[in-house]
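Chemist: Test case, fold it:
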Amino acid sequence: MKTLSSAQIEQLQIFSDCIVLHPQVKTIFNDFDELRLNRHFQSDQQCMLLTGDTGVGKSHLINHYKKRVFASQNYSRQSIPVLVSRISSGKGLDATLTQILMDLELFGSHQRKKRGYETDLTKKLVVSLVRAEVELLIINEFQELIEFKTVQERQLIANALKYISEEAKVPIVLVGMPWAVQIAEEPQWSSRLIRRRKLEYFSLQKDSKYFRQYLMGLAKYMPFNEPPKLEATHTTVALFAACRGENRALKHLLTESLKIALMDNAITLDNQYLVAAFNKLCLFDDVGNEQIQLKDNPFTLPIEQIKISEITRYSTYNQNALASNEMLSARLFSVPVALTKLLSK
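Modeler: The predicted structure is shown next:
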């Protein structure tokens, strides 16, 4: 079996971790910068809601922003200008606040439940955020905190976050699946979430040029003397057919293709490596409520035979469903059709 050198592994890591600053990302990064700036002169902190379906790249984006801030400025060892935390596996408010404190590395997990614990926990978090000089608090997977909760429970969550943001003078960014917008319905938050962004899947039907430019950006991170022509028409269409506009699936496919090419000491990423990567991975298509593995390798087909499927409905959450297993509805994709038919719609 062929192996990779340490240099090649590093090249793969660089590509896998890369982020292309396409317009959606630039807009969100600018929002984050402005939130951190505005906190110095606003009594009521501006907050933000960032939503997007699975695989769109939310976590990748916010982690890159954090790295960018730490790399661009000098901070004391005790300061954490951008704190990225996520909902605890316990999914309760107490567990989430505890997780944020643990992420600050200022709090042990040995705290015991006692009378007044929640109030003490909230106040302790405020003190810790101020002490760590946090300028932006990003809470990832926020939908897990509000789903399956009553109106009263969501109000308590909104009140707690409002108190934390006001007292610590820290803007909060709530990041999650599309139904995280339900927090915006709470009176305590509707006027604070004045910045709302939605990361979306790529679309050939709406903006094929945008997708091609993104592919060109990815190609620049590949370790070849000349970036491969991922924006070539057949390659672009085949890549979209394989990923259906989902960023995560696209990156997995291209990373696997690059790995095979490096093992072969190739001078560029030829179509043969895309063919091989597709054959190795389990890529799926949604038919009704079922996922069926894609069988036709789009990189081996003439362009007129490649079938394209795009997102038609993002995942939804219906809190009024009769059963809990009916509350979450998966994303839906269009019936696969030839590119010419897709563009004629």
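
Chemist: Run a quick neighbour tally on the nearest residue to Arg244 once chain neighbours are set aside.
Modeler: In this structure, Arg244 finds its nearest non-sequential neighbour in Ser309, 5.2 Å apart by Cβ to Cβ, 6 or more residues apart in numbering. The way it works is simple: take the backbone N, C-alpha and C, and place the C-beta from them, glycine included. Neighbourhood size, Ser309 [other Cβ atoms under 10 Å]: 19.

Chemist: go on, Ser190?
Modeler: Neighbours around Ser190, by other Cβ under 10 Å: 12.

Chemist: So which residues of the stretch 1-150 of the chain form helices?
Modeler: 6-17, 23-38, 58-72, 93-103, 117-131, 143-146 (DSSP state H, counting those that start in this stretch).

Chemist: Please identify the deepest-packed of those helices.
Modeler: Each of the helices of the stretch 1-150 of the chain was scored by mean neighbour count; the highest is helix 143-146, a mean of 22, by mean count of other Cβ atoms under 10 Å.

Chemist: What is the distance between that helix and the centre of its chain?
Modeler: 16 Å (Cα atoms, centre = their mean, to the nearest Å).

Chemist: same question, stretch 272-284
Modeler: Using Cα atoms, centre = their mean, the offset of stretch 272-284 from its chain centre is 24 Å.

Chemist: Would you confirm that the residue nearest to Arg244 contacts Arg331?
Modeler: No - between Ser309 and Arg331 there is no contact under Cβ atoms under 8 Å: 11.3 Å.

Chemist: okay, the residue nearest to Arg244: pLDDT?
Modeler: On pLDDT, Ser309 comes in at 92.

Chemist: swap in Phe284?
Modeler: pLDDT, Phe284: 54.

Chemist: need the contact list for the residue nearest in space to the middle of the chain.
Modeler: Centroid-nearest residue in the chain: Lys58, 1.4 Å away (criterion: Cα atoms, centre = their mean). By Cβ atoms under 8 Å, 6 or more residues apart in numbering, the contact list for Lys58 reads Leu50, Gly52, Asn140, Val175, Gly176, Leu199.

Chemist: before we move on, what about Phe29?
Modeler: Leu21, Tyr65, Arg68.

Chemist: quick one: it from Tyr65, how far?
Modeler: Distance, Phe29 to Tyr65, using Cβ to Cβ, to the nearest Å: 6 Å.

Chemist: hang on, the earlier thing: may I see the helices of the stretch 1-150 of the chain organised as JSON lines, with mean pLDDT added?
Modeler: Output for the helices of the stretch 1-150 of the chain, formatted as JSON lines (pLDDT from 0 to 100):
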{"stretch": "helix 6-17", "mean pLDDT": "96"}
{"stretch": "helix 23-38", "mean pLDDT": "95"}
{"stretch": "helix 58-72", "mean pLDDT": "92"}
{"stretch": "helix 93-103", "mean pLDDT": "89"}
{"stretch": "helix 117-131", "mean pLDDT": "82"}
{"stretch": "helix 143-146", "mean pLDDT": "85"}
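
Chemist: now for the ones you listed, which one comes closest to Ser79?
Modeler: helix 117-131 (9.0 Å; Cβ to Cβ).

Chemist: helices or strands up against the closest one?
Modeler: helix 93-103, helix 151-168 (3 or more Cβ pairs under 8 Å, 6 or more residues apart in numbering; DSSP states H and E).

Chemist: now it: how far from the chain's centre is it?
Modeler: Centre to centre, stretch against its chain (Cα atoms, centre = their mean), the figure for helix 117-131 is 28 Å.

Chemist: Where does pLDDT dip in the stretch 101-250 of the chain?
Modeler: 106-119 (pLDDT under 70).

Chemist: Can you show me the strands along it?
Modeler: 136-140, 172-176, 195-198 (DSSP state E, counting those that start in this stretch).

Chemist: and the ones you listed as a markdown table, adding distance to Leu4?
Modeler: Below are those laid out as a markdown table (distance: least, Cβ to Cβ, whole Å):
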| stretch | distance to Leu4 |
| --- | --- |
| strand 136-140 | 31 |
| strand 172-176 | 34 |
| strand 195-198 | 37 |
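
Chemist: ok so, going back, show the buried residues in the contacts of Lys58.
Modeler: Leu50, Gly52, Asn140, Val175, Gly176, Leu199 (16 or more other Cβ atoms under 10 Å).

Chemist: Perfect, that will be all.
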